[in-house]
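In: my questions concern the predicted model and sequence given below.
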Amino acid sequence: MDPVEALDEISFWLERSLAPTFKVQAFRKAADVVRQLPPGELPRLIASGRLTSLKGVGNRSAEVISQAMEDRVPDYLADLRERGSEPLAAGGHGLASALRGDLHSHSNWSDGGSPIETMVAAARTLGREYLALTDHSPNLTIANGLSAERLEQQLGIVEEVNAGQDGFRLLQGIEVDILEDGTLDQTPEMLERLNVVVASVHSKLRSDSKTMTQRMLGGISDPHTNVLGHCTGRLVQGSRGTRPESEFDAAKVFKECAEWGVAVEINSRPERQDPPERLIQMALDAGCFFSIDSDAHAPGQLDFLQYGAERAEAAGVPRERIVTTWPLAQLQEWLALKK
């Protein structure tokens, strides 16, 4: 098989299983190195036993490349495929298979690790019909958030990507910060041009309930907002440690989401599991729509939707209330209501 494809697929399976970042990056880097070699150079290096002389190609990567060039599935990849054949989540399989798309993902334009094209290829492999590219807004400097100028450039890239697609749509989007005063961290002119706006709070998560509630209500009432992202901001596991839920008036927030036509995100990241079950039930009772999203920062993480589907199914969320189960035309009609 193609060695670059083998290295990329290994990275996918490692990302999906939450392997350490350094291990994933090693295979991604090796794939980039091989991708840039001139024709005929790779066979020459293999024949001379000098593959590891390439900066970024270690012993394991060299083994994978050599076996792929023998026109067989590398042993390491075969093992990962076998381990990855089991579902990530114990339940929610029926709902997971009904999900058509994902409205929250990141590329290397902000704090994701892969190019836009690689994220699209992975989404297609997983059977998605659409994916929203929602890199961060400028206030989140630690995540290399997009200024209006950089977002403008990214929109051009998205158009180019879509020109080469058949049966798949990359939606132009953003995960925009809800600022302390409740406004959104991007110009209204740029937000108007996007298909999907996920509004999230990323700072001062320990504010008092009244302050946080007013802040969230400001973001929800903005006519550009389509999805309220990871509403409590909690972390329940993972390398970043744990973080408690933000305090806010959930009844008020979900009532406004229902009235403004803003979907409540069921964030599928294992470390977030946001919102918690009691808040999913409150949003359900309030009449909210939901968006099961991966919040993927790498191609393999796009498959995290399984975790969100498991939680939504356990909470009894009807499929018709989950916008990411809708066909693209229905989703676009719903999104257009905010324009």
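Out: Sure thing, it's come through. Numbering: from 1, shown residues only.
In: would you map the helices across the protein?
Out: Secondary structure of the chain (DSSP state H): helices located at 3-16, 21-35, 41-47, 59-69, 75-84, 93-98, 116-125, 148-163, 188-192, 209-221, 250-260, 277-285, 305-314, 328-336.
In: now distance to P138, mean pLDDT and mean neighbour count too, for those, in a markdown table please.
Out: The C-beta positions use only the backbone N, C-alpha and C, and glycine is treated the same way. Converted to a markdown table, the helices of the chain look like this (distance: least, Cβ to Cβ, whole Å; pLDDT from 0 to 100; neighbours: other Cβ atoms under 10 Å):
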| stretch | distance to P138 | mean pLDDT | mean neighbour count |
| --- | --- | --- | --- |
| helix 3-16 | 27 | 96 | 24 |
| helix 21-35 | 25 | 95 | 19 |
| helix 41-47 | 41 | 97 | 14 |
| helix 59-69 | 36 | 98 | 19 |
| helix 75-84 | 37 | 96 | 14 |
| helix 93-98 | 34 | 98 | 16 |
| helix 116-125 | 19 | 96 | 20 |
| helix 148-163 | 8 | 97 | 14 |
| helix 188-192 | 11 | 97 | 15 |
| helix 209-221 | 16 | 98 | 19 |
| helix 250-260 | 24 | 98 | 19 |
| helix 277-285 | 29 | 98 | 17 |
| helix 305-314 | 28 | 98 | 24 |
| helix 328-336 | 23 | 97 | 15 |
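In: out of these, which comes closest to E271?
Out: helix 305-314 (10.4 Å; Cβ to Cβ).
In: before we move on, back to that, of the helices of the chain, which approaches H104 most closely?
Out: helix 305-314 (10.2 Å).
In: okay, the angle between that closest one and helix 3-16?
Out: Counting by axes from the mean of the first three to the mean of the last three Cα atoms, to 10 degrees, helix 305-314 lies at 40 degrees to helix 3-16.
In: what angle separates helix 305-314 from helix 277-285?
Out: For helix 305-314 against helix 277-285, the angle by the same axes, to 10 degrees is 70 degrees.
In: counting contacts, what elements does helix 305-314 pack onto?
Out: helix 93-98, strand 263-267, helix 277-285, strand 290-293 (3 or more Cβ pairs under 8 Å, 6 or more residues apart in numbering; DSSP states H and E).
In: what does that helix rub up against?
Out: Residues from elsewhere that reach helix 305-314 (Cβ atoms under 8 Å, 6 or more residues apart in numbering): 87-96, 99, 102, 266-270, 273, 277, 280, 290, 292-294, 322, 324.
In: buried subset of these?
Out: Burial by neighbour count, judged by 16 or more other Cβ atoms under 10 Å, picks out 88-89, 92, 95-96, 99, 102, 266-269, 273, 280, 290, 292-294, 322, 324 from the contacts of helix 305-314.
In: show the pLDDT at the residue of the chain most remote from its centre.
Out: Outermost residue of the chain with respect to the C-alpha centroid, by Cα atoms, centre = their mean, is S48; its distance is 41.2 Å. Note on S48: pLDDT of 97.
In: go on, L205?
Out: 97.
In: how about the contacts made by it?
Out: Applying Cβ under 8 Å, 6+ apart, the residues near L205 are M212, G233, R243, S246.
In: wouldn't the last one be in contact with G233 here?
Out: Meaning S246. Yes. The pair S246 / G233 is scored as a contact, 4.9 Å apart, by Cβ atoms under 8 Å.
In: quick check: neighbours shared by those two?
Out: With Cβ under 8 Å, 6+ apart as the test, S246 and G233 both reach V201, L205.
In: before we move on, back to that, nearest to S239, out of the helices of the chain?
Out: The nearest among the helices of the chain, by Cβ to Cβ, is helix 21-35 at 8.5 Å.
In: so what secondary structure elements neighbour that closest one?
Out: Secondary-structure packing of helix 21-35 (3+ Cβ pairs under 8 Å, 6+ apart): helix 3-16, helix 59-69.
In: could the helices of the chain go into TSV alongside distance to S137?
Out: Output for the helices of the chain, formatted as TSV (distance: least, Cβ to Cβ, whole Å):
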stretch	distance to S137
helix 3-16	24
helix 21-35	24
helix 41-47	41
helix 59-69	36
helix 75-84	34
helix 93-98	30
helix 116-125	17
helix 148-163	8
helix 188-192	9
helix 209-221	12
helix 250-260	20
helix 277-285	24
helix 305-314	23
helix 328-336	18
